[in-house]
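S.K.: Structure for this input, please:
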Amino acid sequence: MSIIHGSWIVNAGQDYFFVWGQAWRSLVNETFYLNKSGDFIHPFSLQRSELLDRFPSHELEVGDLLNQSKWHTQLVGLPTIITESAQSKKVQPVFAGNAVENESKLDLYLWEVKGFRLTIEETISLLQILSLSALQSGTDYLAGDLRYWSHIYRWALDLIVRQKFLPGIEVKKSRKTSYRGVWQPLIDSEVDRVRLAKFTQALPEACLAYLDAEESQANTTEEGLLLRSLSLLLDARLRSWIDYNPTSYKDISIEPWLRSLSASSVLETNQSNVNRLTHALYSWTLPVSEYIVNRQNELGLNRYRVCFVLTPPMATKEDSQQPDWSLNYYLQALDNLDFIVDAGTIWQCSAEFLKIGDRTIENPQETLLKGLGLATRIYEPVRGSLDRSQPISCTLDPIQVYEFIRAKVWQLRDNGLGVILPPGLTNDNSGQRLGIKMTASVSQRQGERLSLQSMLKYKLEIAVGDRTVSKTDFKKLLAQKSPIVEIDGQWIALQPADVRAAQAVLDQSNDQLDLSVEDALRLSTGDTKTLAKLPVVKFEPTGVLAGLLDNLSDDKSVEPVNKIKDFQGELRPYQAKGVGWLSFLDTWGLGACLADDMGLGKTIQLIGFLLNLKQQKLLTKPTLLVCPTSVINNWEREVKKFAPKLKTMIHHGNQREQGKSFAKTVKDQQLVITSYSLVHRDQKTLSGIDWQGIVLDEAQNIKNPSAKQSQAVREIPAGFRIALTGTPVENRLTELWSILDFLNPGFLGNRNFFQKRFAAPIEKYGDRESLNILRSLTQPFILRRLKTDQNIIQDLPDKQEMNVFCGLSAEQAELYQQLVDNSLEEIEDADGIKRRGLILTLLLRLKQLCNHPALLDKNQAQKAIVGTEHFGDRSGKLLRLEEMLEEIVDEGDRSLIFTQFAEWGKILKPYLSQKLKEEVMFLYGATPRETRQEMVDRFQNEPNGPKIFILSLKAGGTGLNLTRANHVFHVDRWWNPAVENQATDRAFRIGQQRNVQVHKFVCTGTLEERINDIIESKKELAEQTVGAGEQWLTDLDTGSLRNLLLLDRDAIIDD
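M.R.: Sure thing, here's the model as predicted:
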């Protein structure tokens, strides 16, 4: 694993951004080398070529940018374990991704690292292409410091968009004093003050470790580094956009300054002009000078600001005159907004300091007057109060109060002033607006099946918070003829549009809305916030609708289905819950995505669901199951094992039925299994059937909604729709949309709407609100249980062994038959040792063939490492292995893959690495001892290290400790349970913290399946029966051998 870091180095010389990387490696018996200055060279630091390679591997095209940058040596304080004794001092660097049991033992120690020194312009080019969101998959290679500065760059852009910047002059002192024009951030608004506080708090400690105190004269506090970096980014970004064209000015001293604010920053003018400009700028920016970010000004040195507190009248006047409100003046602490001091107290203090408790306010009267002066530019009523020598407030009538709340509050806050409103009048408190209270139930005709489109019966009422407003109450409010009214001690603003909408609801003159169960779901999740042009302040579902929404919001309330007739086996508790959940959603006609981790039994939950329908006499039509070609045989076997009475047929192969013939055959079936490739080819035939339901296994196969198979499955008519997948989202949220749009068409909007509303805000900008809304919308239709869940772990055995049945490709089947026919003729004519040798050679060749046809020819096998586009399609085992590993990698799990053939491992390593975009390691007999130990060390200890480790059974089957793996694959079989168990025990041994899943690959219709059946039937005696590997097979007569090797043509997976 490698991690890319980056941060600012700011000093009195030249500011720059430093990018470097580190990759974990074993430090056993490591010697650390010193540079010329006596500093240790960091052993994890990436070299130039390595760092350049890391960016393209993560689809970041920054090679040209970095190639132009200077390769630079930097001292950085990095986490280090330091052990000192009387004789020596030992330092041990800690990799960034490593968890340390006791962080108190860590020290920051200066190490030399090498990386790219970027100019400010180059830094902007880098930061603008980095992902903001840690939610986006494939971005864990970005260290926190580099991702942090990407956020700060976006903040600089936001300041520019909101015009929160001012021009200025900066002094540059070296041997000769010089001046430069600069663009300076203005941090005066409340939103930016909050951002400053949050970003300062969030600044990674590592960012400060780049600053060498002996060389740097910059402020090394978190806020100092943050503000300097923000200034650099904003200034450089503005310069790149400004193309200054000189025109004639009456005052020619301005022109050099304006020129210095564009591409060239040097201010070329005399000292007299500089002094004049500096004085003019000071006078112009005085009201906001405390909020300008520059080297001369410590931002926010005064930690208090003017705050306006709106106070309602004490009592309503008896006459028709509206009561007056007070806008009172205070000073408010920026670090504690609850601490305020009224203007009266401030005017009583004539000193330069006002002490209250443990707080000291400097120049309180000056601060108050400066803030009030700024407010007069925004809100006129404040100006009149300044005619008094000691202003403490101004008076507002209700009309002015309404204008103040609607138009002026945000302006005052945007200029760095505080405002406190009565609770009911805050802009974010929709509960204190006129709103809608909705009571709803389902309108259901007798015998009608409920669905998302089922219509609602509902009642709309006007409400303020929890208080329902009757028609009489509403007329009384209007009679006050005031935009600000009081209800039960709470003040609310009557917005004209709200009043008109409420009147229409009360008079029932508004357009009647056709609302469905889907609308109820959106209301309950908060996705729909308004009805009849008013905010929904309360939504009360009743009857079966309430039950539906309760169950959808909390799947724990769904009743499990434990007893299922004709089910051969026993469901684990979480599986019984899964069957109940599928049945519940089917009752309402809702599509369901069962997204349990691999190994938790999605297959048998689906089988249980179908048998439960059958048990209730509801399975009246066939169900179509679509799956990858590689698992058709697996599904057929699982159905026979757990539901032998479920009438099942396979729609596959060259002899499959079409048209009317297919329709006639299907009538008598309850489950039809086909593949994704055939769904498109046979769409006309499949669409002509009235399916009870359609199920997609490995539903990530429709993640591309534009693919032909994705479009085909959408067009097949079906009652219920179910998707089975362990990875509903692999890379992009649009993959989730594609699956859920298949399940419940239109629920998440069309693809373009989803991209704009959810995908872009979440993936590009890390929008948490959009993410929460999306979760609340999708959660009812997705059931995902993880192997790490405590409730699941207790239901699972420590080790799960399962056979993975794979078909043969057409090429494999043809070669298999040829090998068997030709070899049996030779074997028939041979005897003794020669016969045994021929049989063992045949068995070896067949096992190689079951892995991949390329293994039959060593020359072809070497070429296959480079591979062709369809190399994986030539082997049923490889197809299935690739599919399973893709899901395992996405879940963050690790796998061991055992094979008897080194040539197969040499092919698998580059092939899987290319397909999965993951590093794959391979250990076999020729692996040097040092490399072997390094591989084991990396797999066991490297944070986010290689997730896939291929081992030859002889070289890696014993003696190794690989407990980080929780999946073990036996892709070809030794046919000796003891040997396979020894290999499995590399992962399943003392130190293993997780459940281990063992996947034993078997090619159906071949000798592998028949030998596996023998082993399974005599499991307790298997070691004695086949303890000598294949040797026992050499004793079989030719007839028995022929029966064992016979090819079953139904196992061929060719479409």
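
S.K.: The helix or strand Val91 falls within pairs with which strands, and in what direction?
M.R.: Using DSSP states H and E, Val91 sits in strand 89-93. Using DSSP bridges, strand 89-93 pairs in its sheet with strand 70-84 (antiparallel).

S.K.: How far does the partner strand sit from its chain's centre?
M.R.: Centre-to-centre, strand 70-84 and its host chain are 32 Å apart (CA atoms, centre = their mean, to the nearest Å).

S.K.: average pLDDT for that strand?
M.R.: Averaging pLDDT along strand 70-84 gives 79.

S.K.: following the strand holding Val91, which helix or strand comes up?
M.R.: Beyond strand 89-93 toward the C-terminal end (DSSP H and E), the next one is strand 106-118.

S.K.: Now for the nearest residue to Glu942 once chain neighbours are set aside, how many residues are close by?
M.R.: In space, and not counting its chain neighbours, Glu942 is closest to Trp24: 4.2 Å by CB to CB, 6 or more residues apart in numbering. C-beta: built from backbone N, CA, C; applies to glycine. Number of residues near Trp24 (other CB atoms under 10 Å) recorded here: 21.

S.K.: hang on, isn't Trp24 packed against Phe939?
M.R.: No. Using CB atoms under 8 Å as the test, Trp24 is too far from Phe939 to be in contact (11.3 Å).

S.K.: residues shared between the contacts of those two?
M.R.: Gly945 (CB atoms under 8 Å, 6 or more residues apart in numbering).

S.K.: Give me the domain ranges for this structure.
M.R.: Annotated domains of the chain cover 2-241, 304-315+324-419, 430-552, 556-793, 800-1051 [automatic domain parsing].

S.K.: Between the two ends of the fourth one, how far is it?
M.R.: Meaning domain 556-793. Domain 556-793 has an end-to-end distance of 17 Å (CA to CA, to the nearest Å).

S.K.: what does the last one give?
M.R.: This stretch, domain 800-1051, spans 26 Å end to end (CA to CA).

S.K.: tell me the mean pLDDT over that domain?
M.R.: 83.

S.K.: Show me how far it is from its chain's centre.
M.R.: Relative to the chain's own centre, domain 800-1051 is displaced by 35 Å; criterion: CA atoms, centre = their mean.

S.K.: I'd assumed Asn633 was in contact with Cys806.
M.R.: Yes. Using CB under 8 Å, Cys806 is in contact with Asn633, at 6.9 Å.

S.K.: Please enumerate the shared neighbours of those two.
M.R.: With CB under 8 Å, 6+ apart as the test, Cys806 and Asn633 both reach Thr1004, Ile1053.

S.K.: What is whichever strand or helix holds Ser776 packed up against?
M.R.: Using DSSP H and E, Ser776 maps to helix 768-778. Under the contact criterion of 3 or more CB pairs under 8 Å, 6 or more residues apart in numbering; DSSP states H and E, the helices and strands touching helix 768-778 comprise helix 517-525, helix 733-743, helix 760-765.

S.K.: what's whatever helix or strand comes next after it packed up against?
M.R.: Counting by DSSP H and E, the next helix or strand C-terminal to helix 768-778 is strand 782-783. Contacts defined by 3+ CB pairs under 8 Å, 6+ apart place strand 782-783 against strand 592-594.

S.K.: element containing Asp53?
M.R.: Secondary structure (DSSP H and E) places Asp53 in helix 48-57.

S.K.: Just want the angle from that helix to strand 70-84.
M.R.: Relative orientation of helix 48-57 and strand 70-84, computed by axes from the mean of the first three to the mean of the last three CA atoms, to 10 degrees: 100 degrees.

S.K.: Report the mean confidence score over helix 48-57.
M.R.: When pLDDT is averaged over helix 48-57, the result is 75.

S.K.: pLDDT score assigned to the residue nearest to Phe539 when sequence neighbours are not counted?
M.R.: Excluding the flanking residues, the one nearest Phe539 by CB to CB, 6+ apart is Leu523, at 4.7 Å. According to the prediction, Leu523 has pLDDT 86.

S.K.: 441 is where my numbering starts, stick with that
M.R.: All set: I'll call the first residue 441, so the last point we hit is now Leu963.

S.K.: ok so, going back, which helices and strands sit right next to the helix holding Asp493?
M.R.: strand 442-449, strand 456-463, helix 503-507, strand 546-558.

S.K.: Leu809: which of these is closest?
M.R.: Each of the helices and strands packed on helix 488-497 was scored for nearness to Leu809 using CB to CB, and the closest is strand 442-449 (37.7 Å).

S.K.: List the contacts of that closest one.
M.R.: Residues contacting strand 442-449 (CB under 8 Å, 6+ apart): 455-464, 486, 490-491, 494-495, 514, 536-537, 555, 566, 581-583, 585-586, 589, 646-647, 650-651, 656, 665, 668-669, 672.

S.K.: at 6 Å what do you get?
M.R.: 456-463, 494, 536, 581, 583, 585-586, 647, 650, 669 (CB atoms under 6 Å, 6 or more residues apart in numbering).

S.K.: Average pLDDT for that strand, rounded please.
M.R.: Throughout strand 442-449, pLDDT has a mean value of 88.

S.K.: what angle separates it from helix 488-497?
M.R.: Using the same axes, to 10 degrees, strand 442-449 lies at 100 degrees relative to helix 488-497.

S.K.: what angle do strand 442-449 and strand 546-558 make?
M.R.: Going by the same axes, to 10 degrees, strand 442-449 makes 80 degrees with strand 546-558.

S.K.: Any idea how far strand 442-449 is from the middle of the chain?
M.R.: Per CA atoms, centre = their mean, the centroid offset for strand 442-449 relative to its chain is 22 Å.

S.K.: In terms of helices and strands, where is Leu1280?
M.R.: Judged by DSSP H and E, Leu1280 forms part of helix 1272-1291.

S.K.: and that helix, what does it pack onto?
M.R.: helix 1250-1269 (3 or more CB pairs under 6 Å, 6 or more residues apart in numbering; DSSP states H and E).

S.K.: Sort out which residues of the helix it packs on are buried, please.
M.R.: Glu1251, Gln1252, Ala1253, Leu1255, Tyr1256, Leu1259, Val1260, Ser1263, Leu1264, Ile1267 (16 or more other CB atoms under 10 Å).

S.K.: Same question for stretch 628-647.
M.R.: Asp628, Ser629, Glu630, Asp632, Arg633, Arg635, Leu636, Phe639, Leu643, Pro644, Ala646, Cys647.

S.K.: Using CSV, list the CA coordinates for it.
M.R.: Taking C-alpha atoms only, stretch 628-647 is exported to CSV below (Å, rounded to 0.1, in the frame of the first residue of the first chain):
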residue,chain,number,x,y,z
ASP,A,628,-16.3,38.5,8.1
SER,A,629,-19.5,36.5,7.6
GLU,A,630,-20.8,34.1,10.2
VAL,A,631,-20.6,31.2,7.8
ASP,A,632,-16.9,31.8,7.2
ARG,A,633,-16.1,32.4,10.9
VAL,A,634,-17.7,29.0,11.6
ARG,A,635,-15.7,27.4,8.8
LEU,A,636,-12.5,28.9,10.1
ALA,A,637,-13.1,27.5,13.5
LYS,A,638,-14.0,24.0,12.1
PHE,A,639,-11.2,23.9,9.6
THR,A,640,-8.7,25.1,12.2
GLN,A,641,-9.8,22.3,14.5
ALA,A,642,-9.7,19.7,11.7
LEU,A,643,-6.3,20.6,10.4
PRO,A,644,-4.2,17.4,10.6
GLU,A,645,-1.3,17.6,13.0
ALA,A,646,0.9,16.3,10.2
CYS,A,647,0.6,19.6,8.4
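
S.K.: which residues make contact with it from outside it?
M.R.: 447, 584-585, 588, 627, 662-663, 666, 728, 731, 853-856.
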